[in-house]
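[1] Have a look; sequence and predicted model below, questions after that.
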Amino acid sequence: VGGTACEATGWISDSSVTCKLPSGVAPPQSLALVFTTAQGISTVAGIFTYNRPDVTRMSQTNSLPVGGATVQLFGHNFGVSDYTPEAYIDFESCARTVWTSDSALTCVVPPGYGTARGVAVQVG
């Protein structure tokens, strides 16, 4: 799937197989499945996606306009290892993003003004 081999496969029937996928992250588009047998190769595009990163809360929600505050972002699907995530506040990259775990990142807040700014995370 997406150029990565299944960790384990299993035959169920002439029309069904199982594939244990490795942990990971993927680009926003869906991935292709390439199925190889003695009879040949079959490719099915756009069949699989990983869950997107999801920020559910922050350690603080206010900062001076000059930026530089360090905040923790909490959520899900940040990666089971450090896939070089990038956090954004109001479409501006954090001055520094550090992966802590699949559910936590540290962000050094970029400069900015205003209230109710959006937060996003990109992984991989």
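    Happy to help now that I have it.

[2] Tell me the secondary structure at Ile12.
    When classified by DSSP: H, G, I helix; E, B strand; the rest coil, Ile12 comes out as strand.

[3] again with Thr18
    Once three-state DSSP is applied, Thr18 turns out strand.

[4] Figure out how far stretch 75-84 is from the centre of its chain.
    The chain centre lies 6 Å from the centre of stretch 75-84; the measure is C-alpha atoms, centre = their mean, to the nearest Å.

[5] hmm, who's touching that stretch?
    Stretch 75-84 has contacts (C-beta atoms under 8 Å, 6 or more residues apart in numbering) with 23-25, 50-57, 85, 99, 101-105, 121, 123-124. For every residue, glycine as well, the C-beta is placed using N, CA and C.

[6] Mean confidence (pLDDT) on it, please.
    In this model, stretch 75-84 has an average pLDDT of 89.

[7] Just the CA atoms of it, as PDB, please.
    The C-alpha coordinates for stretch 75-84 follow below in PDB (Å, rounded to 0.1, in the frame of the first residue of the first chain):
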ATOM      1  CA  GLY A  75      -4.700  15.400  19.800                       C
ATOM      2  CA  HIS A  76      -4.400  12.200  17.700                       C
ATOM      3  CA  ASN A  77      -2.500  10.800  14.700                       C
ATOM      4  CA  PHE A  78       0.700  12.900  15.000                       C
ATOM      5  CA  GLY A  79       2.700   9.800  14.100                       C
ATOM      6  CA  VAL A  80       4.000   6.800  16.000                       C
ATOM      7  CA  SER A  81       7.500   8.100  15.500                       C
ATOM      8  CA  ASP A  82       8.900  11.500  14.500                       C
ATOM      9  CA  TYR A  83       7.800  12.000  10.900                       C
ATOM     10  CA  THR A  84       8.800  15.700  11.000                       C
END
